[in-house]
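1. Okay, predicted coordinates and the sequence, questions at the end:
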Amino acid sequence: MELYLDLRSQPCRSVFMFAKLNAIPFDFKLVDLAKGEQYGEEFGKISPVRKVPVMKDGDFVLTESVAILQYLAEKHASRLPDHWYPADLRQRARVNEYLSWQQMNLRAHGSKVFLLKVGRRHYPFNTSLSTSALYVRVFVEELSQTVDVLDKYFLGEKLFLCGASISLADLVAVAEIMQPVSSGVDVFSGRPKLSAWCERVKKEVGVALFDEANAAIMTSGGVPQSLREAGLPQIFKDKFKKTFL
Amino acid sequence: MELYLDLRSQPCRSVFMFAKLNAIPFDFKLVDLAKGEQYGEEFGKISPVRKVPVMKDGDFVLTESVAILQYLAEKHASRLPDHWYPADLRQRARVNEYLSWQQMNLRAHGSKVFLLKVGLVEELSQTVDVLDKYFLGEKLFLCGASISLADLVAVAEIMQPVSSGVDVFSGRPKLSAWCERVKKEVGVALFDEANAAIMTSGGVPQSLREAGLPQIFKDKFKKTFL
């Protein structure tokens, strides 16, 4: 089984953590987004959609991290703890509910904030610092409201998002939340329950694996080290332009 | 079982079509978005997230249309045809792949076009190309030779920009044939019933035009396009 990944990407991190944590063997195939490798001929043959992550299990190619996680959880169900993707109809529905909601909420808003905070230092949006500062405030506020839903509706008084044990939902959520956090937005400030949840997830994943997954985006100053070294690539600028029109 | 719906909303339409088509009994609870009923006290007790659709099965409340569809398909698996949400690992993965991809693609871009019928049509067009070439390809339906959840979700989404006058089928004969196929599987009567709330002439849904463009619509417009 091959996993085509760039750990700068949140969906890649959740798949990576799940596979490693559960000893699902795979070949790590790096698709370096900073170098535009997703646009290369070779990767195009694997997946014409040209996004990461991609899973290739024998001759079966699958895109979309949520689908990959569901597939791996179901494939290895007989040897994995049930809590990852419960067999019970209603418990599973709760995990599916989170996996669905997060796409246009935590994932979308967290990505926007990351892109804007990292991008505006290198690519003056609208050539006006005050204008881009406004955008940062607006999108950080939007993210804050989304994190409130994560905190109050999904986590509530529970230990993990979907119950007393960790599930796919927690891996996906923690991967997404690290993106804006790595760009300097402290979503945990004033949210002690959410902060405690994050520590709990980190403990379940294991600090070594958690740090390994997040190494590509952790930095000082908000710009991922690896991006800073590579220079802000054209595709990043294009994505920045496209996201903020 | 209760379904809280407004059929102007794409995710509501896919859940509605699936339940009706498969004779899953439910009480239709209208949450009129044009009147802002999602912000009312009563609906807030059902779901603090204040979006539609919401399913209430006994004491079990579930949001997110994709999760609702998966739940209903799994719950009734023993009496429904397998093709809706196949039990086979890889076939199911294909349906899950579509259900995941569509959130930030056809759903996001189709919604945007409905709200603003200009400029972003190109973005939608590129997304519809992916739907056409990658997901449909040479197949009869999105995930194989039979209809699945993915087709219901896709047709519900694609009707949104189409209803606002954007002809995504023009120049896409395979996609057009797929849509006709899905319509046939669903049944014209049910398909029309599901889409009644958004079909109109002139691009503005009749029901919205009569109500006057509500404040929540203006807010959403502003929020989406800043």
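-> Cool, got the structure. This is a predicted model, so every value here is computed, not measured.
2. drop to CA atoms for contacts and neighbour counts, all remaining ones
-> Fine.
3. burial of A:Leu89, as a residue count?
-> The number of residues packed around A:Leu89, counting by other CA atoms under 10 Å in any protein chain shown, is 13.
4. Quick check: it touching B:Lys75?
-> Yes. When contacts are counted by CA atoms under 8 Å, A:Leu89 is listed as touching B:Lys75 (7.0 Å).
5. which residues does A:Ala87 contact?
-> A:Ala87 makes no contacts at all, as judged by CA atoms under 8 Å, 6 or more residues apart in numbering or on different chains.
6. Let's see that with 10 Å instead.
-> A:74, A:77, A:93 (CA atoms under 10 Å, 6 or more residues apart in numbering or on different chains).
7. And what about it, helix, strand or coil?
-> coil (DSSP: H, G, I helix; E, B strand; the rest coil).
8. Quick check on it: phi, psi?
-> The phi/psi pair for A:Ala87 (degrees, to the nearest 10) reads phi -70, psi -30.
9. Same question for A:Ala215.
-> According to degrees, to the nearest 10, A:Ala215 has phi -60, psi -40.
10. what's the answer for A:Met55, then?
-> Dihedral angles (degrees, to the nearest 10) for A:Met55: phi -110, psi 130.
11. Quick check: it touching A:Ala19?
-> No. A:Met55 lies out of contact with A:Ala19 (CA atoms under 10 Å); the separation is 11.2 Å.
12. neighbour count winner among those two?
-> Per other CA under 10 Å, whichever of A:Met55 and A:Ala19 has more neighbours is A:Met55, with 28 against 17.
13. quick one, helices of chain A?
-> A:10-21, A:41-46, A:65-75, A:89-101, A:106-122, A:129-149, A:168-182, A:192-205, A:207-214, A:225-230, A:234-244 (DSSP state H).
14. Which of the ones you listed comes out lowest on mean pLDDT?
-> With a mean of 56, helix A:225-230 has the lowest mean pLDDT of these.
15. what about the nearest residue to A:Arg107 once chain neighbours are set aside, how many residues close to it?
-> Setting aside the residues directly before and after it, A:Arg107 is nearest to A:Glu176 in space (CA to CA, 6 or more residues apart in numbering or on different chains), at 5.7 Å. Residues lying near A:Glu176 (other CA under 10 Å) number 24.
16. With A:Met104 instead?
-> 16.
17. what's the answer for A:Ala164, then?
-> 11.
18. contacting residues for it?
-> A:83, A:157-158.
19. ok, now A:Leu62?
-> Counted by CA under 10 Å, 6+ apart, A:Leu62 has contacts A:3, A:46-47, A:53-56, A:68, A:71, B:90, B:93-94, B:96-97.
20. Then A:Lys56?
-> Neighbours of A:Lys56 in contact, by CA under 10 Å, 6+ apart: A:1-4, A:26-27, A:46-47, A:62-63, A:68.
21. Give me the subset of those lying in strands.
-> Members of those lying in strands (criterion: DSSP state E): A:2-4, A:27, A:62-63.
22. May I have the phi/psi pair for A:Asp32?
-> The phi/psi pair for A:Asp32 (degrees, to the nearest 10) reads phi -80, psi 110.
23. Without its sequence neighbours, what residue ends up closest to it?
-> A:Asp6 (5.9 Å).
24. The one you found - how many residues pack around it?
-> 24.
25. Isn't it up against A:Lys29?
-> Yes. Between A:Asp6 and A:Lys29 there is a contact under CA under 10 Å: 8.5 Å.
26. shared neighbours of these two, anything?
-> Common contact partners of A:Asp6 and A:Lys29 (CA under 10 Å, 6+ apart): A:Pro53.
27. So A:Gly206 versus chain B, what's the distance?
-> Note on A:Gly206: its distance to chain B, by CA to the nearest CA, to the nearest Å, is 28 Å.
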